[in-house]
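Undergrad: return atomic coordinates for the entry below.
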Amino acid sequence: MTSNSLGDKLLLACLAVLIVLDGGLWAYVKIAPIYNPQDPNLFYASSDHSPAMPPTGFTGDDQRTVAVSSASRGWAVRYASTNCHFCRDDQKRWSGLAEQLADKGYQIVTIVPDSQESYSADGLVPKASVQQAYVDLGWLKNFRLSATPTLLLFDSKHGLIWAHKGTLSIADPIDAMHKVSYWEKH
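TA: Predicted structure coming up:
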């Protein structure tokens, strides 16, 4: 009878260890994407991944812009072009996400690759967003904006909380707003 009770105790101990390990793995899977939202291909090797101040720059007609006010709850940078068919295809989902971000107090900055690819005042989404054609190189040294559209979301502490290259899928706006809501609470 002792060997049977010893076997039962060993089985229970192994089961307890497995449950603890499973709980740890579950927590890691749930938390890891929240704490590591960056696409490693988005940063340059020299970037230190520290919080980034909002980009400063100039419009296509050489007017200096300050992209984000200090009262902002967060900000988004959309790297896009009027000449990019992916950006045009992405317009409907981007419009919906931009509206949700604006409702949360986020300011939107649209960076265009070239002043020839600037949006008209009516073409900007949202219309109150800031458009920059020439951006401070110090800011650009941190991010690899090589594909249009690219979207970067930053919290009020200037930390990158979500990034996406290419057209948005149906799930991307939901994921982005989940990250925004998470970081509002933390």
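Undergrad: can you count the residues close to the nearest residue to L168 once chain neighbours are set aside?
TA: Computed as CB to CB, 6 or more residues apart in numbering, the closest residue to L168 that is not its neighbour in sequence is R93, at 4.2 Å. The way it works is simple: take the backbone N, C-alpha and C, and place the C-beta from them, glycine included. Neighbourhood size, R93 [other CB atoms under 10 Å]: 15.
Undergrad: what separates R93 from S169, distance-wise?
TA: Remark: distance between R93 and S169 (CB to CB, to the nearest Å) = 8 Å.
Undergrad: kindly indicate whether the spatially most central residue of the chain is helix, strand or coil.
TA: Centrality entry for the chain: nearest residue to the mean C-alpha point is W162, 2.0 Å, by CA atoms, centre = their mean. Following DSSP: H, G, I helix; E, B strand; the rest coil, W162 is assigned to strand.
Undergrad: again with V109
TA: When classified by three-state DSSP, V109 comes out as strand.
Undergrad: per-residue confidence for it?
TA: V109 carries a pLDDT score of 88 in this model.
Undergrad: that one: neighbour count?
TA: Neighbourhood size, V109 [other CB under 10 Å]: 23.
Undergrad: specify the beta-bridge partners of it.
TA: Counting by DSSP bridges, V109 is bridged to V77, V130.
Undergrad: wait, what's in contact with it?
TA: 54-55, 67-68, 75-78, 129-132 (CB atoms under 8 Å, 6 or more residues apart in numbering).
Undergrad: show me which of the residues you listed is closest to H186.
TA: Distance to H186, by CB to CB, is smallest for W75 among the contacts of V109, at 17.4 Å.
Undergrad: only alpha carbons, please: show the helix or strand the closest one falls within as PDB.
TA: Using DSSP states H and E, W75 maps to strand 74-79. Taking Å, rounded to 0.1, in the frame of the first residue of the first chain, the C-alpha atoms of strand 74-79 are listed here in PDB:
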ATOM      1  CA  GLY A  74      -0.900  59.400 -28.000                       C
ATOM      2  CA  TRP A  75       0.000  59.700 -31.600                       C
ATOM      3  CA  ALA A  76       0.200  57.800 -34.800                       C
ATOM      4  CA  VAL A  77       2.500  58.100 -37.800                       C
ATOM      5  CA  ARG A  78       1.200  56.800 -41.100                       C
ATOM      6  CA  TYR A  79       3.800  56.600 -43.900                       C
END
